[in-house]
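1. predicted coordinates and the sequence they were generated for:
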Amino acid sequence: MAGKRHGLDGKVDDIREFGDITVVNVDQQIIYGFDSEGRQLWRRNDGRTWRVGETEAGPILFHQPGRGANSKFVLEPETGALTEHVFGPDDVAADVMGEPE
């Protein structure tokens, strides 16, 4: 991320690079996207438990609640938008689809 430092609230659980975008997962709850210059592009903090993953088609986010069914979404790394609900409960999808807040 071009040597830039960011103060993140919590422990970094995962760092993934998708082209020029770096996706950082903090405490499995806050997901950040940074560009190649180290600028924060987006942040997703919706009170859900997230894990970053990857498929042949590209990046995904898994919602993994303590109880209940998991969900899987296609992630657009440049915007942080969840563009497709792959599986899981429809009510979770309705709450999180689209751009992060």
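-> In hand now; what should we look at? Numbering: from 1, shown residues only.

2. helix, strand, or coil at Leu82?
-> At Leu82 the chain is in strand, as set by DSSP: H, G, I helix; E, B strand; the rest coil.

3. next: Gly10.
-> coil.

4. neighbours of the residue lying closest to Gly88 once chain neighbours are set aside, how many?
-> If the residues on either side of it in the chain are set aside, Gly88 comes closest to Ser71, at 2.7 Å by Cβ to Cβ, 6 or more residues apart in numbering. (C-beta placed from N, C-alpha, C; glycine too.) Using other Cβ atoms under 10 Å as the criterion, Ser71 is surrounded by 24 other residues.

5. contact partners for the residue positioned nearest the centre of the chain?
-> The chain has Ile31 as the residue nearest its centroid, 4.4 Å off, counting by Cα atoms, centre = their mean. Residues near Ile31 by Cβ atoms under 8 Å, 6 or more residues apart in numbering: Val23, Val24, Asn25, Arg43, Arg44, Asn45, Trp50, Val52, Leu61, Gly80, Pro100.

6. hmm, Ala81 and the last one touching each other?
-> If I follow you right, that is Pro100. Yes - look at Pro100 against Ala81 with Cβ atoms under 8 Å: they come within range, at 7.3 Å.

7. okay, and for the chain, where does confidence drop off?
-> 1-4 (pLDDT under 70).

8. one more pass at 90, please.
-> Within the chain, the stretches with pLDDT under 90 are 1-11, 13, 27-28, 46-48, 55-58, 64-70, 89-96, 98-101.

9. for the contacts of Ile31, which one is nearest Val12?
-> Val24 (6.0 Å; Cβ to Cβ).

10. check contacts around the closest one.
-> Leu8, Val12, Asp14, Ile15, Ile31, Tyr32, Gly33, Phe34.

11. ok, so of these, who is nearest Asp95?
-> Distances from Asp95 to those, taken by Cβ to Cβ, are shortest for Ile31, at 15.1 Å.
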